[in-house]
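[1] Here is my input; please provide its structure:
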Amino acid sequence: MAESTGSTPLRVLVYSNDADTRQQVITALGRRPRADLPELDFFEVATAPVVIEQMDAGGIDLAILDGESAPAGGLGIAKQLKDEIDECPPVVVLTGRPDDAWLANWSRAEAAVSHPIDPMQLTNAVTSVLLAR
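    You can find the predicted model right below:
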């Protein structure tokens, strides 16, 4: 794939009620996790209603949802988005532990990464999902 330095940035919604978790995700991925992908433009969200509103509005290329968020967890939100939005953008969920991968399957997320966030695992999951879209 040719390098796409002039491409429009990909809009990535990052949901967690924890600002530290959102920052960990953004720091782990950086602005450009791979040379063959456009830059990432992050949009941080702390509440479920704003996630739904933004996803309904369109223009999001990827959603990263924290399954450990409260009061609304990212796994349930992922399931709702996949059930309700035609051509829903890809979703990566952050699970509480690796054994929760079955919940990620239930939510219909394209990928799952468990807490604590491993930058390499997250980057690999996100780039795989973005390259497959």
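
[2] quick one, phi psi at the closest residue to residue 97 other than its chain neighbours?
    With sequence-adjacent residues excluded and distances taken as CB to CB, 6 or more residues apart in numbering, residue 97 is closest to residue 114, at 5.4 Å. The C-beta positions use only the backbone N, C-alpha and C, and glycine is treated the same way. The phi and psi values for residue 114, taken as degrees, to the nearest 10, are phi -90, psi 160.

[3] cool, residue 61 as well?
    According to degrees, to the nearest 10, residue 61 has phi -90, psi -20.

[4] residues in contact with it?
    10, 11, 12, 89, 90, 130, 133 (CB atoms under 8 Å, 6 or more residues apart in numbering).

[5] mind checking how far it is from residue 91?
    11 Å (CB to CB, to the nearest Å).

[6] coming back round to it: selecting buried members of the contacts of residue 61 in PyMOL, what would you type?
    Buried residues within the contacts of residue 61, by 16 or more other CB atoms under 10 Å, are selected in PyMOL with:
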select buried, resi 10+11+12+89+90+130
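
[7] Of all the contacts of residue 61, the one with the weakest confidence?
    Lowest pLDDT among those: residue 133, with 80.

[8] Could you pull up the residues touching that one?
    Listed by CB under 8 Å, 6+ apart, the contact partners of residue 133 are 61, 89, 90.

[9] Switch those residues over to TSV; also include distance to residue 20.
    Putting the contacts of residue 133 into TSV (distance: CB to CB, whole Å) gives the following:
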residue	distance to residue 20
61	24
89	25
90	24
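
[10] what's the span of stretch 84-92, first residue to last?
    17 Å (CA to CA, to the nearest Å).

[11] Please apply the same query to stretch 104-117.
    16 Å.

[12] And it, what's buried?
    104, 107, 109, 110, 111, 112, 113, 114, 115, 117.

[13] give me the number of residues near the nearest residue to the second one once chain neighbours are set aside?
    When you say that, I think you mean residue 107. Distance criterion CB to CB, 6+ apart; nearest residue to residue 107, sequence neighbours excluded, is residue 78 at 3.9 Å. When neighbours are counted by other CB atoms under 10 Å, residue 78 registers 27.
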